[in-house]
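Asker: this one's sequence-less:
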């Protein structure tokens with residue numbers, strides 16, 4: 001049976017460090033502040049927002065909420081983004097996506113100051129991830145994977161890591177972050193030829209394709225470290241990941257559960273980015 005790498009202990013340890021960092025900033029007169037921007041009332045946005053509010057409170061971060069009706073115009077949202085950019089007391093911004101279809105999401109993301117982009121949604125942030133230079137931060141979910149590996153003592157140097165999924169939210173930036181930790185990385189996707197064979201070669205296997213239970217027994221090898229980023233609903237209405245948990249539980253050395261794994265760490269990473277942005281705003 002695999003060791004279950006749960007996210008809660010990782011989030012708790014990270015939050016304790018962040019609270020101490022926030023206290024140091026406040027002693028210097030800096031109040032770390034996050035802007036949360038939401039358009040409409042999507043249940044998944046509301047759920048993540050509640051988690052972010054709780055995490056920020058524990059980490060000593062102030063939050064300003066900007067909530068717009070779903071029928072708001074593109075210009076209304078753009079005005080909010082410009083307001084956040086101009087407010088020196090706001091250090092980071094979390095913008096919930098997808099935006100309503102009548103809004104130009106790409107233009108809205110481009111309008112956000114990369115220095116305040118704490119969730120890696122701007123081109124400037126992604127450029128920083130891929131080049132190692134510039135303002136902005138990696139997407140929180142991608143970095144949460146590294147936080148889990150670090151917390152549970154995985155030294156990535158020289159490890160063969162396989163990432164299944166090529167989105168700009170997780171797969172591509174995560175591959176760059178793993179490279180930065182000296183892993184040897186293979187980036188796969190749903191059209192990879194002989195995907196099971198590629199996955200079996202991994203010492204660290206990270207599934208982020210967004211397809212329920214697509215990583216099954218034939219993708220797995222004994223002793224692997226398996227991180228499941230997927231959040232899907234199966235035919236019975238249950239929340240499941242991209243990995244067949246029972247198969248991974250039997251074969252892997254460690255596996256993250258869904259729910260309660262990678263997703264539990266993302267709000268802590270968000271808080272960490274806000275504190276980094278607050279520190280850098282003074283430089």
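Answerer: Structure's in. What do you need? The structure presented is a predicted model; accordingly, all values stated were derived computationally and were not measured.
Asker: where are the low-confidence patches of the chain?
Answerer: 283 (pLDDT under 70).
Asker: tell me where it has helices.
Answerer: Listed in chain order, the helices of the chain (DSSP state H) span 7-27, 43-59, 74-86, 105-111, 123-131, 140-151, 171-180, 195-200, 245-251, 266-280.
Asker: now those helices in CSV, with mean neighbour count and distance to residue 227?
Answerer: All C-beta spots, glycine's among them, are computed from the backbone N, C-alpha and C. Formatted as CSV, the helices of the chain follow (neighbours: other CB atoms under 10 Å; distance: least, CB to CB, whole Å):
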stretch, mean neighbour count, distance to residue 227
helix 7-27, 16, 10
helix 43-59, 16, 19
helix 74-86, 16, 32
helix 105-111, 15, 26
helix 123-131, 18, 18
helix 140-151, 23, 5
helix 171-180, 21, 9
helix 195-200, 17, 12
helix 245-251, 18, 10
helix 266-280, 24, 13
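Asker: nearest to residue 92, of those helices?
Answerer: Nearest of the helices of the chain to residue 92, taken as CB to CB: helix 266-280 at 4.1 Å.
Asker: can you name every helix or strand that the closest one contacts?
Answerer: helix 7-27, strand 33-39, helix 43-59, strand 92-95, helix 140-151 (3 or more CB pairs under 8 Å, 6 or more residues apart in numbering; DSSP states H and E).
Asker: let's see 6 Å
Answerer: helix 7-27, helix 43-59, helix 140-151 (3 or more CB pairs under 6 Å, 6 or more residues apart in numbering; DSSP states H and E).
Asker: turn the helices of the chain into TSV, including distance to residue 258.
Answerer: Formatted as TSV, the helices of the chain follow (distance: least, CB to CB, whole Å):
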stretch	distance to residue 258
helix 7-27	10
helix 43-59	15
helix 74-86	32
helix 105-111	27
helix 123-131	25
helix 140-151	13
helix 171-180	17
helix 195-200	17
helix 245-251	7
helix 266-280	13
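Asker: how much space between residue 120 and residue 144?
Answerer: Distance, residue 120 to residue 144, by CB to CB, to the nearest Å: 12 Å.
Asker: same question, residue 67
Answerer: Counting by CB to CB - residue 67 and residue 144 are separated by 25 Å.
Asker: same question for residue 124.
Answerer: 21 Å.
Asker: could you check how far stretch 219-232 is from the centre of its chain?
Answerer: On the basis of CA atoms, centre = their mean, to the nearest Å, stretch 219-232 sits 17 Å off its chain's mean C-alpha point.
Asker: give the buried residues for that stretch.
Answerer: The neighbour-count check on stretch 219-232 (16 or more other CB atoms under 10 Å) flags 219-221, 224-232 as buried.
Asker: with stretch 149-162 instead?
Answerer: Applying 16+ other CB under 10 Å to stretch 149-162 flags 149, 151, 154, 156, 159, 161-162 as buried.
Asker: what does that stretch rub up against?
Answerer: Here stretch 149-162 makes contact (CB atoms under 6 Å, 6 or more residues apart in numbering) with 5, 10, 178, 181-186, 198-199, 202-205.
Asker: at 8 Å instead, please
Answerer: Stretch 149-162 has contacts (CB atoms under 8 Å, 6 or more residues apart in numbering) with 5, 9-10, 13-14, 178, 181-186, 188, 198-199, 201-206, 225, 227, 254.
Asker: kindly report the same for stretch 172-180.
Answerer: So stretch 172-180 is contacted by 120, 126, 129-130, 132, 138-139, 142-143, 145-146, 156, 161, 163, 166, 185, 187, 204, 206, 208 (CB under 8 Å, 6+ apart).
Asker: so residue 129 makes contact with residue 117?
Answerer: No - taking contacts as CB atoms under 8 Å, residue 129 lies outside contact range of residue 117: 11.1 Å.
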